[in-house]
Structures are given as C-alpha cells and as structure tokens.
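Undergrad: take a look and give me a structure for this.
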Amino acid sequence: MPPADFVYDVAADAAGLPLGVSIFADDADVRAILQEDVVAAGFTTRECGTIDALLAGDAKVLGDLVLIDCPMPDASSMAALSRLDSRSAKSGARIIVSTSVDGLDDVFAACAESRAQILVDPTRADRVIAIGRMLAEVPNLRLRELSETDRLALLRLTEQVSKIAERLETIDRRGWGKEAESTGSSAFRFETPVDTYCAPGQERQPQRKTRAPLPSARLVRKIIAARKARARFLDSELFADPAWDMLLDLTAARVEHARVSVTSLCIASGVPPTTALRWIGQMTDAGLFERVEDDTDRRRAFIRLSDKAADAMARYFAELGQDAAVLA
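TA: Now for the predicted structure:
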C-alpha cells in the first residue's frame, strides 16, 4: 500500500457513487500495483487489462479516470493510445499515461486531444500524486480536502507561470517612453495600423510599426551555455527556472528555423521530464507555447513559441540591448 500521506477518502460523484477507473498495462505486476493505488485513492476499478484490449472487440466503457502504462510504445499500442485519446477528449475522461524517455515523443504525439497527464519513468509515489491531481480536476467530486502543504504545491506551478506571463506582458511598459504609455502597447499586442499623411488625391496606406527582431541564435545559445555552466560550481537546483530555460531554447530554435521535440525541450528545461511536461502544459495554457503536428508523420509532434511569446522575447532582448548576454 502507498504511504498514508497519499491515501484519500472515498472519491464519489455528486450522487455519492464511487468514481470508476480503467487500467491498461501489459505488465501484470504494474497492473496489480495500479489497482492497489486506485483503491487507496477511493476509486473502483471498472476495467483492467492489457493495452491491446483497447482495440479488441467492441469499444469498452471508459472509467472517469484511465491509467495507461506504455513504456515502449509500438505500432499497436500507439493505435490504442490514439483511439483512447480521441474517445477521452469527447467523453471527458481523465488520462494518466506512464512511459519512458525513449517513448515520450511517441506518447506525446498520440495524446493530441485529451490533455493527458504524461509521467516519465514514474515512481509509485509519482503515480499516486498524479491520481491526486486528477481527483482535484473531477467536477462535483467528494473527497477530503488537501492539506495546506499539498494545496500550495499544486498551485505553485500555475502561479509561477502566471507571473512569467505577466512579466512578459509588461516588458514594454518599462523604458519604452511616453509613446508606449499613451498607446498602451503590450508585448502580447501588435500595434494598430495608423493613417499617415499623403498628398491630396492619393490613397492613405495603413502603416504598422516595425516590431523588434529576435536576437541571434548565437547570442541565445551563449546565454543558455552560461546558465548551464553554473551547475559545475553551484547546486543547479538553487537556480532551477525551467520555464525561462525552455523559452530561451525555443527562441533560439525559432531563429534557426528548427523544430523542437518534446523530449528535447524537456532536456533543455533542466528538470525531470515529468516536471518539464507539467511546465509545458502550463506554458501552453498561458499561450506562450504551441503544439505543432508533423504534417508528414502523424506519430510526431513538436513544440514552438507562439507569435505573442516570440514578440515578447524580441522586445525583452531589444530592451536589454548590449547587456543581453550578461543579464538574460
């Protein structure tokens, strides 16, 4: 059984009925462990079987929560996961998928619609915590309240990303002069076209103000290398800032016209993959990152900066000017 700190009271819907869970894993030992954790979280098991069972026979009724263990996805498991992803997006079921670093890109590509929570090489505690997060998202759920410590831990990620978004939003309010103040320009808002003077009889042409260009990829890579160099002398956890590290990496990739896989971005974040995936999800929700499907291979997907994030980063580096390499 998991530690007592992870045990929840019975989870039930508004009618008081225990919520159902479906478990799919090819490893029998993993299935048994997941069932134990599901019971501890207050769920009842609705379906338990191998991943292939998702494709066999008629479509099965899904639980409110679906747990999948898919460490090394093959063609069959990818098909099953894609089908489950589509069904869950329509039904509202929550999905937690466990995989490995090697299987991350495939699993991420397959989970395009359902906003699945992906765990990379998770411990048992990681899985139980993930179940707890999903419990918090189920509407009309009746379970004991989280402790103050747990509540703050769950809110910390959202709060930090919100601060980053606010910081980028107000970049050009500092040091851009009276014109920025009078127009209320924003790092996330393009300038409105204005009419310019023209001679009588000529048509007026709308004119957009020139936006600041992104910095050179060489400069951004230099900043990234300098940030990584600190780990040789100081504990890297003291300076962990995955959101900023990923923003820098995607900025350089945009200048280089390079595509960034989710695995590569997780590595750039400098934190464990599961943590990085939560950050990617939050940054996407904040409108800073975008998921891009591969037109030539449906089994692949990439992450890129949104246009508003790219514009914000350009303004940020323009404001730093010559000090960018030192201050960023």
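Undergrad: hmm, Asp297 and Asp105 touching each other?
TA: No. Counting by CB atoms under 8 Å, Asp105 stays clear of Asp297, with 10.6 Å between them. Just so you know, the C-beta spots here come from the backbone N, C-alpha and C atoms, and that holds for glycine as well.
Undergrad: so which of these two has more stuff around it?
TA: Neighbours were tallied for Asp105 and for Asp297 using other CB atoms under 10 Å; the higher tally belongs to Asp105 (20 against 9).
Undergrad: residues in contact with stretch 262-282?
TA: Contact with stretch 262-282 is made by 101, 104-105, 108, 115, 117-122, 126, 157-158, 161, 224, 228, 236, 240, 242-243, 245-246, 248-250, 260, 289, 301-303, as judged by CB atoms under 8 Å, 6 or more residues apart in numbering.
Undergrad: quick one, what contacts Arg221?
TA: Ala252 are the contacts of Arg221 under CB under 8 Å, 6+ apart.
Undergrad: so it sits in a helix?
TA: Yes. Applying DSSP: H, G, I helix; E, B strand; the rest coil, one finds Arg221 inside a helix.
Undergrad: where does the stretch 1-150 of the chain have low pLDDT?
TA: Scanning the stretch 1-150 of the chain for pLDDT under 70 picks out 1-18, 57-60, 136-150.
Undergrad: in strands only, show me the contacts of stretch 262-282.
TA: Applying DSSP state E to the contacts of stretch 262-282, the entries found in strands are 117-120, 260, 289, 301-303.
Undergrad: mind putting the residues you listed into CSV with neighbour count and distance to Glu319?
TA: CSV is the format used below for the ones in strands among the contacts of stretch 262-282 (neighbours: other CB atoms under 10 Å; distance: CB to CB, whole Å):
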residue, neighbour count, distance to Glu319
Gln117, 20, 37
Ile118, 25, 36
Leu119, 23, 39
Val120, 23, 36
Val260, 21, 25
Phe289, 24, 22
Ala301, 20, 33
Phe302, 21, 29
Ile303, 23, 25
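Undergrad: would a markdown table of those residues with distance to Pro71 be doable?
TA: Shown next, in a markdown table, are the ones in strands among the contacts of stretch 262-282 (distance: CB to CB, whole Å):
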| residue | distance to Pro71 |
| --- | --- |
| Gln117 | 16 |
| Ile118 | 12 |
| Leu119 | 11 |
| Val120 | 10 |
| Val260 | 23 |
| Phe289 | 26 |
| Ala301 | 19 |
| Phe302 | 22 |
| Ile303 | 22 |
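Undergrad: which one of those is nearest to Ser82?
TA: Closest to Ser82 out of the ones in strands among the contacts of stretch 262-282 is Ala301 (11.8 Å), distances taken as CB to CB.
Undergrad: separation between the closest one and Asp105?
TA: Going from Ala301 to Asp105 by CB to CB, to the nearest Å gives 8 Å.
Undergrad: now the strands for the stretch 151-300 of the chain?
TA: Counting by DSSP state E, counting those that start in this stretch, one finds strands in the stretch 151-300 of the chain at the ranges 260-261, 289-293.
Undergrad: please identify the most buried of the ones you listed.
TA: strand 260-261 (a mean of 19; mean count of other CB atoms under 10 Å).
Undergrad: name the helices or strands packed onto that one?
TA: helix 242-256, strand 301-305 (3 or more CB pairs under 8 Å, 6 or more residues apart in numbering; DSSP states H and E).
Undergrad: tell me the mean pLDDT for it?
TA: In this model, strand 260-261 has a mean pLDDT of 96.
Undergrad: ok, now stretch 220-237?
TA: Rounded mean pLDDT across stretch 220-237 is 85.
Undergrad: end-to-end on it?
TA: Distance across stretch 220-237, first residue to last, is 22 Å (CA to CA, to the nearest Å).
Undergrad: please point out which parts of it sit buried.
TA: 220-224, 227 (16 or more other CB atoms under 10 Å).
Undergrad: same deal with stretch 257-265?
TA: 260-265.
Undergrad: other SSEs contacting the host helix or strand of Met313?
TA: Element membership for Met313, per DSSP states H and E: helix 307-320. Helix 307-320 sits against helix 148-169, helix 242-256, with contacts defined as 3+ CB pairs under 8 Å, 6+ apart.
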